[in-house]
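S.K.: Pasting the sequence and the predicted coordinates here, then a few questions.
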Amino acid sequence: DLRRPYMDDFLIACYRHYDLVVWSQTRWHWVEIKLTEMGMITHPSYKVCFALDRACMFKVTREHKSKTREHEVKALDIIWRKFPDRWSAKNTVHVDDLSRNFALNPQSGLECTAYKRRRRNAEHDRELLELAAYLEYIAEQHDDFTKLDHKNWRESLQRAIDRRN
């Protein structure tokens, strides 16, 4: 099973507040296969608006530890310019396990841990449940995501939980 634990629960919870988009660093052939195998295209409780592959990414160069590195990034501006009446930095959260993908839109980036299926105790991974709770919280409490800092999202979620109790 390719799915991270609680993937469907996460997507169902997010779909209540957000439009879902998948943007993968792989080629379209593999994106289509993965989405189909994971049941994301036909799931009855959520819908994916669209999916993008690596063809929509472009390379940037950066300095890291005195070395020049080149990598591809996901520029959300591609989506925002195509659909300006629907999506913008104010209502977009980019969840990814590679923070370098936020290079062109750092304010929208929310880094999650990478999921490794073969890692010991992988079946006990609860990251998506926590992410869903955070995303639900900000959707209910904020109408402009550009004013948020997602770097400490776990602490923000815990503070929100503590205030409710």
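M.R.: Happy to help now that I have it.
S.K.: Surely residue 131 is within a helix?
M.R.: Yes: read with DSSP: H, G, I helix; E, B strand; the rest coil, residue 131 is one of the residues of a helix.
S.K.: That one contacts residue 10, correct?
M.R.: Yes: between residue 131 and residue 10 a contact is recorded at 6.3 Å, counting by C-beta atoms under 8 Å. (C-beta placed from N, C-alpha, C; glycine too.)
S.K.: Which phi and psi values does the spatially most central residue of the chain adopt?
M.R.: Taking C-alpha atoms, centre = their mean, the centroid of the chain lies closest to residue 95, which sits 1.9 Å from it. Backbone torsions for residue 95, taken as degrees, to the nearest 10, come to phi -90, psi 130.
S.K.: which residues touch it?
M.R.: Residue 95 is in contact with 110, 112, 131, 135, counting by C-beta atoms under 8 Å, 6 or more residues apart in numbering.
S.K.: which parts of the host helix or strand of the last one are buried?
M.R.: Taking DSSP states H and E as the criterion, residue 135 maps to helix 127-141. For helix 127-141, the neighbour count (16 or more other C-beta atoms under 10 Å) marks 127-128, 130-132, 134-139 as buried.
S.K.: Please apply the same query to stretch 149-161.
M.R.: Buried, per 16+ other C-beta under 10 Å, within stretch 149-161: 150, 153, 156-157, 160.
S.K.: and residue 10, which of the three is it?
M.R.: Following three-state DSSP, residue 10 is assigned to helix.
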